[in-house]
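*Asks:* Can you look at this prediction? I've put the sequence above it.
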Amino acid sequence: MTRFLPVLAIQGPAQAALNSDDYEAFEQELAVQLSDFGPNFSAEAEATTRLVCYPEMHLCPNAGTPEQRRAQLEAAAEPIDGPRMRALADIARRHRIWLQPGSLCERGTDGHLYNTAPVFSPAGDCVAAYRKCFPWRPFEPYRPGSAFTVFDIPGVGRIGLAICYDIWFPEVCRQLAWMGAEVIINPVATTTSDRAQEQVLIRANAIFNQVFLVSVNAATPSGVGESAIIDPEGRVRAQLTGATAGTLTDVLNLDEVTRVRRFGTAGLNRLWSQWRADDPALELPMYEGRLDPRRWGGHD
């Protein structure tokens, strides 16, 4: 059976910090988006195959001086099981969608702030919560996360999460691909001129790892936009030009990942079949690790 994943990527400006009673407007806007984009996203669509994703820090403050941002984030931070997460879980359940609401400011049990991207299932369960491993320093006051995160959409495939600056570090997407990710969701809040470089990086990461990559940047004034969906061979499937609010829609066929990994990018480069089981291990002294052919998936 073909593994289709309808995706709705919403490029919007960040909203003001919300408490658990303030999500009615967010939900109403989401409902309009779902109804506007046809049968793949309407209430009659299959509950297991609709993924809606938003930019980084979409529901948290992220403006002003460093001191103002820090104070706003401290006030907005909630624990991972707080009322904000419960409100978003209820929204996902009511609309029967897989919801990735961008990232949120999490207050860890250790007292630190984390830039965390949750995912909610159509049943209203939080199935994943990824803490950004590479906060953009010194601008971001977050403590780095220490684990990579993937989640499964039953009958469709495995999805990985990488927040904004994470994609500048190739180890992140590579590790997600090693963990089985066929799609990587990349919520972004880039306000700077290096979005042009990020466009190169999202395509490169898709090519390196032969995965779909969905990069959702914030709209003005919270970001410079230019959201894009990239296929496993690095081709741009859909893109928004400019910084104004907009929406990307696509239906990803995750069997394309299987095809590209089996036959190669451009029918040539079979990265996942590079190693043979009897090849020598490649030592990685900077990482205190190694690439061991016996652990590399896809060898002959």
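*Replies:* Ah, there it is.
*Asks:* so what's the closest residue to Pro39 other than its chain neighbours up against?
*Replies:* Excluding its sequence neighbours, the residue lying closest to Pro39 (C-beta to C-beta, 6 or more residues apart in numbering) is Ala45, at 6.1 Å. Where you see a C-beta, it was placed from the backbone N, CA and C, and this is true even at glycine. Applying C-beta atoms under 8 Å, 6 or more residues apart in numbering, we find Ala45 in contact with 6, 39, 96.
*Asks:* In CSV: those residues, plus distance to Phe134 and secondary structure.
*Replies:* Listed next are the contacts of Ala45 as CSV, based on distance: C-beta to C-beta, whole Å; DSSP: H, G, I helix; E, B strand; the rest coil:
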residue, distance to Phe134, secondary structure
Pro6, 30, strand
Pro39, 38, coil
Arg96, 33, coil
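*Asks:* To be precise, which single item in those residues has the lowest pLDDT?
*Replies:* Within those, Pro39 has the lowest pLDDT, namely 79.
*Asks:* any idea how far that residue lies from Thr49?
*Replies:* Using C-beta to C-beta, to the nearest Å, we find Pro39 at a distance of 12 Å from Thr49.
*Asks:* Could you check which of those two has the larger neighbour count?
*Replies:* Shown here are Pro39 and Thr49; by other C-beta atoms under 10 Å, Thr49 has more neighbours (19 against 9).
*Asks:* Quick one: the strands in the stretch 201-300 of the chain, in order.
*Replies:* With strands called from DSSP state E, counting those that start in this stretch, the stretch 201-300 of the chain shows them at 212-216, 228-230, 236-239, 246-253, 282-284, 289-291.
*Asks:* could I get those as TSV with mean pLDDT, distance to Gly155 and mean neighbour count?
*Replies:* Formatted as TSV, the strands of the stretch 201-300 of the chain follow (pLDDT from 0 to 100; distance: least, C-beta to C-beta, whole Å; neighbours: other C-beta atoms under 10 Å):
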stretch	mean pLDDT	distance to Gly155	mean neighbour count
strand 212-216	98	17	28
strand 228-230	98	21	25
strand 236-239	97	22	15
strand 246-253	96	13	17
strand 282-284	92	36	11
strand 289-291	84	32	13
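*Asks:* Dump the ones you listed to JSON lines, plus distance to Gln199.
*Replies:* Shown next, in JSON lines, are these (distance: least, C-beta to C-beta, whole Å):
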{"stretch": "strand 212-216", "distance to Gln199": "8"}
{"stretch": "strand 228-230", "distance to Gln199": "7"}
{"stretch": "strand 236-239", "distance to Gln199": "8"}
{"stretch": "strand 246-253", "distance to Gln199": "14"}
{"stretch": "strand 282-284", "distance to Gln199": "28"}
{"stretch": "strand 289-291", "distance to Gln199": "28"}
